[in-house]
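> pasting the sequence and the predicted model now:
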Amino acid sequence: MTIDRRKFLTISGASLSAAILTSCDSRGPRSAGRLLNYAERKNEALERKLFRHTSMDASISGARLAGAALPSYFISKHVPVWNTPRMGTWTLSVGGMVDHPFSLTLDQLVALPRITERVNHYCVEGWNAIEQWTGVRFSQLAQMAGVHKGADYVDFVSFDDGYHESWDIESAMHPQTVIAYGLDGTMLAPAHGAPARLYSPVKLGYKNTKYLTKIVFMPSRNGGYWSDEGYEWYGGV
C-alpha cells in the first residue's frame, strides 16, 4: 500500500498529537504545552526534510479552474479594499536584512518579468482547488533586494487588519512562490487579495498572505496570525 506525502504528514501529525493529548493530566491542556510544542518541532523537522526545492506542484490535466467558486477569506469585518484617496498609492515594500530595500507600485510590480502558473490550492480544512495565478517570482524580488546571509525567514504583512505570516526562506524561494496580482487571467479582485498577494502551492492556504503591503527578511521567525492561534507554523504541503 502506498500513501502520498500530504496524507502521510496529516496522519503522522494527527497520531502524534492524539498520543500527546492522552497524556494530559487533570490540569488540562496547558500542562501538555511542552509536549505539544515538542511534537510540532518534530513534525516541522520531518516536513523540512521532505521539502525539495526542485519539486514542482502540478494540477490534474484537464481539470477545471475553481474560478469564482474559490472561497475568499479575510479577518476584517468587511472585504479589505485599498482606498487610494484615504491611504495613498498602494506600494509593496521589501526590506529587513537586505542591501537594497525598495518599494514598488502596482504598475512597477506588473512591469517586472511575470510568470503564470496553474497550480493547486490546499486548504487546512481539507479541500483543494485549482487556480491560475499571474505574478512575479518571489526569488526575483529577493535578488533585487540583495538578501543578507542569515536571513533565514521572511515575514509577509497585510493591510487586512494587521494579518501576517512568516515563512522559512527555503519555501519562499521555491520557483512556484509568487507575488501574485492576477487570478484566472484577470487582475486580482478585492475578495482574493488585491492589489497583490503571496501565493505558493508549497504552503497551506492560511500561510499565503493576501492584501500584501510588506516583505521583511529576518534572522528568526516571528509567528503569524493563525500560527499564533495554534495552527502549525510551517504549514507545508
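All right, it came through fine.

> which helix or which strand is home to the closest residue to residue 60 other than its chain neighbours?
Distances taken as CB to CB, 6 or more residues apart in numbering put residue 130 closest to residue 60, at 7.2 Å, once the chain neighbours are dropped. (C-beta placed from N, C-alpha, C; glycine too.) Assigned by DSSP states H and E, residue 130 belongs to strand 128-137.

> may I see the buried residues of the next helix or strand after that strand?
Moving toward the C-terminus from strand 128-137, the next helix or strand (DSSP H and E) is helix 138-145. Across helix 138-145, burial judged by 16 or more other CB atoms under 10 Å covers 138, 141-142, 144-145.

> can you list the residues you listed in a markdown table and add pLDDT and distance to residue 123?
Converted to a markdown table, the buried residues of helix 138-145 look like this (pLDDT from 0 to 100; distance: CB to CB, whole Å):
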| residue | pLDDT | distance to residue 123 |
| --- | --- | --- |
| 138 | 98 | 21 |
| 141 | 98 | 26 |
| 142 | 98 | 27 |
| 144 | 98 | 31 |
| 145 | 98 | 30 |
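
> residue 221 should be in a strand, yeah?
No: under DSSP: H, G, I helix; E, B strand; the rest coil, residue 221 falls outside any strand and is assigned coil.

> can you tell me which residues contact it?
153, 155, 166, 168, 233 (CB atoms under 8 Å, 6 or more residues apart in numbering).

> so which of those are in strands?
Among those, the members found in strands (DSSP state E) are 153, 155, 166, 168.

> so where do the helices sit in the chain?
Using DSSP state H, the helices of the chain run over 5-21, 33-50, 84-87, 106-111, 138-145, 169-172.

> quick one on the thing from earlier: please verify my assumption that the residue nearest to residue 60 contacts residue 117.
No: counting by CB atoms under 8 Å, residue 130 stays clear of residue 117, with 10.7 Å between them.

> and the two? which has more neighbours close in?
A direct count of neighbours by other CB atoms under 10 Å for residue 130 and residue 117 places residue 117 higher, at 22 against 17.
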